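**Student:** any chance you could fold what I've pasted below:
(one chain, ligands or ions: 1)
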Amino acid sequence: MYKIRTYNSLAAKGLQRFTSGQYQVGPGTSNADAVMLRSQKLHDEVLDESVIAVARAGAGVNNIPVADYAKRGIVVFNTPGANANAVKELVAAALLLGSRDIFGGMSYVQTLGDIQDSTQMHKLLEANKKRFAGSEIAGLTLGVVGLGAIGAMVANMALELGMKVVGYDPAISIESAWRLSSRVEKMNSLQALAGVADFITLHVPAIPPTLGLINEDILARCKPGTRLLNFARDEIVDLPAVIASLDSGHLGAYISDFPQPQLLGRKNALLLPHIGASTTEAEENCAMMAADQLMGFLENGNIRNSVNYPDTQMARNGGFRITFCNANVPKVLGNTLTVLADHDLNVIDMVNLSRGDFAYSIIDVENEPGADVMNAINATEHVIRARLLPPA
Ligand SMILES: NC(=O)c1ccc[n+]([C@@H]2O[C@H](COP(=O)([O-])OP(=O)(O)OC[C@H]3O[C@@H](n4cnc5c(N)ncnc54)[C@H](O)[C@@H]3O)[C@@H](O)[C@H]2O)c1
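**Tutor:** Got it, this is the predicted structure:
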């Protein structure tokens with residue numbers, strides 16, 4: 001029986017992943033093996049000594065003392081990409097809002113409240129509808145900046161909507177490259193992308209190299225009338241430069257999930273209250289992913305989407321499984337293998353990976369290691385925590 005201590009309200013669909021009979025799950029669980037949470041600040045919490053994993057149902061982990069937990073052999077997980085579809089769908093809405101005056105048209109209709117006669121209303125609508133005409137997005141070019149979980153989905157979706165898609169991501173991951181349609185044209189620079197796009201959509205993290213990425217220079221290279229979509233973070237655009245470009249009419253529209261006071265009241269700024277990931281499904285996806293990752297770790301020692309230990313997975317092959325976290329220094333793996341050899345334990349398969357100051361190993365052995373073996377591994381210099389898992 002594994003015990004999961006929960007904090008915050010987590011989607012039921014996620015909690016239901018924990019197989020009943022095998023897991024005890026709840027906010028009051030003591031001597032927990034793992035913790036699952038959303039926004040609870042763990043910096044001030046004292047975790048049970050028994051906790052070996054923490055999973056956040058969400059992407060950011062600044063509510064978790066990740067580095068301190070790594071030193072204690074507590075593996076921290078997050079759920080990158082679980083909300084990607086939610087953001088992608090809002091970007092679809094933003095593309096349409098940016099091409100036709102849907103918002104203006106809807107607002108206009110609401111001004112006709114005094115008209116009781118439907119024929120009169122119809123006449124008025126027909127006479128005024130040209131004010132809200134726009135263009136179609138099919139055939140236009142979308143530039144996607146950042147082709148990670150969200151950007152790749154957005155790029156593929158835009159192709160399905162009939163757009164031409166160009167993308168820029170100097171550090172695209174192999175998984176994203178696999179996900180991305182081969183019809184997305186690769187741009188070698190942001191400048192080149194800016195020069196060909198009718199719409200630009202941002203899907204990069206807010207990290208020092210991306211702060212103010214969309215600046216005066218990039219905006220000057222954009223085609224007149226370009227519409228800029230920001231569903232990433234507000235710091236990625238240089239706001240005064242965007243406002244100046246909107247004022248001059250060069251930038252056609254700024255559509256953002258991150259309103260700023262200076263943007264309010266402008267017809268060419270369409271603002272949403274940071275609702276990119278606000279869907280029931282996104283919350284459920286995060287909770288399901290967090291639960292699956294915890295189960296994979298507790299039952300099989302596999303690490304997927306950790307923020308403080310290397311992603312390390314190995315298929316079960318019938319053997320007993322030893323896993324251990326250690327400081328990333330020489331000789332630890334060799335010394336551990338010596339313990340196994342000294343006890344005549346034959347290794348079936350193994351994987352050893354490192355990330356920064358820490359490393360993680362999975363070693364499958366044919367016969368069951370006794371308590372003396374596990375004690376010896378746990379006592380090996382620089383080993384932080386070793387576990388023994390029965391055959392699956
Ligand atoms: N609006 C919302 O509610 C909402 C919700 C979820 C995520 N987000 C934002 O969206 C961002 C992207 O999310 P994701 O899940 O796709 O992240 P991700 O990590 O999967 O992808 C980010 C991509 O950006 C690329 N990149 C980094 N620097 C770049 C640069 N200078 N130029 C071009 N590409 C660059 C990376 O190589 C990576 O492929 C997040 O960092 C977050 O800030 C917003």
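**Student:** how about the longest helix seen in the chain and the ligand, touching?
**Tutor:** Longest helix in the chain by number of residues (criterion: DSSP state H): helix 280-300. No: Helix 280-300 does not reach the ligand (Cβ under 6 Å from any ligand atom); its nearest approach is 8.1 Å. Backbone N, C-alpha and C define where each C-beta goes, glycine included.
**Student:** after that helix, next one along is what?
**Tutor:** Using DSSP states H and E, the helix or strand that follows helix 280-300 in sequence is strand 320-327.
**Student:** tell me the angle the helix or strand that comes right after that following strand makes with strand 320-327.
**Tutor:** Once strand 320-327 ends, the next helix or strand along the chain (criterion: DSSP H and E) is helix 332-342. Going by axes from the mean of the first three to the mean of the last three Cα atoms, to 10 degrees, helix 332-342 is angled at 150 degrees with respect to strand 320-327.
**Student:** still on that earlier bit, may I see the buried residues of the longest helix of the chain?
**Tutor:** 282-300 (16 or more other Cβ atoms under 10 Å).
**Student:** likewise stretch 228-245?
**Tutor:** 228-233, 236-239, 241-243, 245.
**Student:** over to stretch 201-218?
**Tutor:** Here stretch 201-218 shows 201, 202, 203, 204, 210, 213, 214, 218 as buried, counting by 16+ other Cβ under 10 Å.
**Student:** out of those, which are inside strands?
**Tutor:** Residues of the buried residues of stretch 201-218 located in strands (DSSP state E): 201, 202.
**Student:** quick one on the thing from earlier: quick one: the buried residues of stretch 228-245 as a markdown table, columns for secondary structure and pLDDT too.
**Tutor:** Output for the buried residues of stretch 228-245, formatted as a markdown table (DSSP: H, G, I helix; E, B strand; the rest coil; pLDDT from 0 to 100):
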| residue | secondary structure | pLDDT |
| --- | --- | --- |
| 228 | strand | 98 |
| 229 | strand | 98 |
| 230 | strand | 98 |
| 231 | coil | 98 |
| 232 | coil | 96 |
| 233 | coil | 95 |
| 236 | helix | 97 |
| 237 | strand | 98 |
| 238 | coil | 98 |
| 239 | helix | 98 |
| 241 | helix | 98 |
| 242 | helix | 98 |
| 243 | helix | 98 |
| 245 | helix | 98 |
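**Student:** just the strands in the stretch 51-200 of the chain please.
**Tutor:** Along the stretch 51-200 of the chain, counting by DSSP state E, counting those that start in this stretch, strands occupy 53-56, 75-77, 141-145, 164-168, 185-186, 199-202.
**Student:** reformat these as TSV; add distance to residue 264 and mean pLDDT.
**Tutor:** Below are those laid out as TSV (distance: least, Cβ to Cβ, whole Å; pLDDT from 0 to 100):
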stretch	distance to residue 264	mean pLDDT
strand 53-56	33	98
strand 75-77	38	98
strand 141-145	25	98
strand 164-168	30	98
strand 185-186	36	98
strand 199-202	21	98
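**Student:** tabulate the ones you listed (TSV), appending distance to residue 28.
**Tutor:** Output for the strands of the stretch 51-200 of the chain, formatted as TSV (distance: least, Cβ to Cβ, whole Å):
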stretch	distance to residue 28
strand 53-56	17
strand 75-77	22
strand 141-145	45
strand 164-168	48
strand 185-186	52
strand 199-202	42
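**Student:** what residues does this structure have near the ligand?
**Tutor:** 80-81, 83-84, 87, 145-151, 168-173, 176, 203-206, 209-210, 213, 231-233, 257, 274, 276-277.
**Student:** give me that answer again for 5 Å
**Tutor:** 83, 87, 146, 148-150, 169, 171, 203-205, 210, 231-233, 257, 276-277 (Cβ under 5 Å from any ligand atom).
**Student:** residue 195 contacts residue 223, doesn't it?
**Tutor:** Yes: assessed by Cβ atoms under 8 Å, residue 195 is found in contact with residue 223 at 7.2 Å.
**Student:** relative to residue 11, how far out is residue 282?
**Tutor:** Distance, residue 282 to residue 11, by Cβ to Cβ, to the nearest Å: 9 Å.
**Student:** element containing residue 3, please.
**Tutor:** Assigned by DSSP H and E, residue 3 falls in strand 2-6.
**Student:** what does that strand rub up against?
**Tutor:** 15, 18, 22-37, 48, 50-51, 294, 298-299 (Cβ atoms under 8 Å, 6 or more residues apart in numbering).
**Student:** cool, thanks, signing off.
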